[in-house]
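Q: Sequence first, predicted coordinates after that:
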Amino acid sequence: MGKLTQRLQDASRSGVYRATRADEIMDAVGGSGLSLVKIRVQEKEKLLKSIATALDFPDWFGANWDALEDCLSDLSWRGATGHVLLFEQARAGDDLGVLIDVLRSSAEYWAGRGKPFFAVFIDPARALPLPDLFREK
C-alpha cells in the first residue's frame, strides 16, 4: 500500500485539499474500499445537482447548502469505508467559499467518527488557498 493510499485511509487526516492531478489519487483509491467521485465545479444550482448525482443522494435532497451538509453527514447508502470527492474546474468566488466550508464541516464530522472523508480540488495552477494533499513529484 502506497503512502497516498495510507493517507486517504487515515480518518484523522480528513479535510479539504488541493492537488495538481487526479490520476495519482484515482490510482491510490483503486481497490481500497474508499468511494471516489469526480465532480465538475459549476454555478451553484448545477454544482449541487452534480454532487447529488455523483453521490446518489436520496430524493429528499433539497438542493441547497444546508441540505448538502445534511446529506454529506450521512452517506450511509454509499457503503464505503470512506469517501474521496475530486472537484475539477473550480474558480474562486462566494459559492466556492461556501462549498469549501461545507466540505470542511463534513470532513470534521467524519473524522470524529473514524471514517475518512477527503475533498480534493484539482488545481494545476495551485491557485486555491488550500493545503496540498501530498507532496507531488
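A: Okay, I see it. Numbering: from 1, shown residues only.
Q: neighbours of Gly112, just the number please.
A: By other CB atoms under 10 Å, 11 other residues sit near Gly112. Where C-beta positions appear, they are placed from N, C-alpha and C, glycine not excepted.
Q: That one and Val16: what is the separation?
A: As judged by CB to CB, to the nearest Å, Gly112 and Val16 stand 16 Å apart.
Q: Which residue is the nearest non-sequential neighbour of Ala19?
A: Leu133 (4.7 Å; CB to CB, 6 or more residues apart in numbering).
Q: pLDDT at that neighbour, what is it?
A: In this model, Leu133 is scored at 96, pLDDT.
Q: go on, Lys137?
A: According to the per-residue confidence, Lys137 scores 61 in pLDDT.
Q: Quick one: mean pLDDT for stretch 58-72?
A: pLDDT averaged over stretch 58-72 equals 95, rounded to a whole number.
Q: And it, end to end?
A: Using CA to CA, to the nearest Å, the span of stretch 58-72 from its first residue to its last is 11 Å.
Q: Equivalent analysis for stretch 21-38, please.
A: Stretch 21-38 has an end-to-end distance of 12 Å (CA to CA).
Q: got the buried residues for it?
A: Neighbour counts over stretch 21-38 (16 or more other CB atoms under 10 Å) mark Glu24, Ile25, Ala28, Val29, Ser32, Leu34, Ser35, Leu36, Val37, Lys38 as buried.
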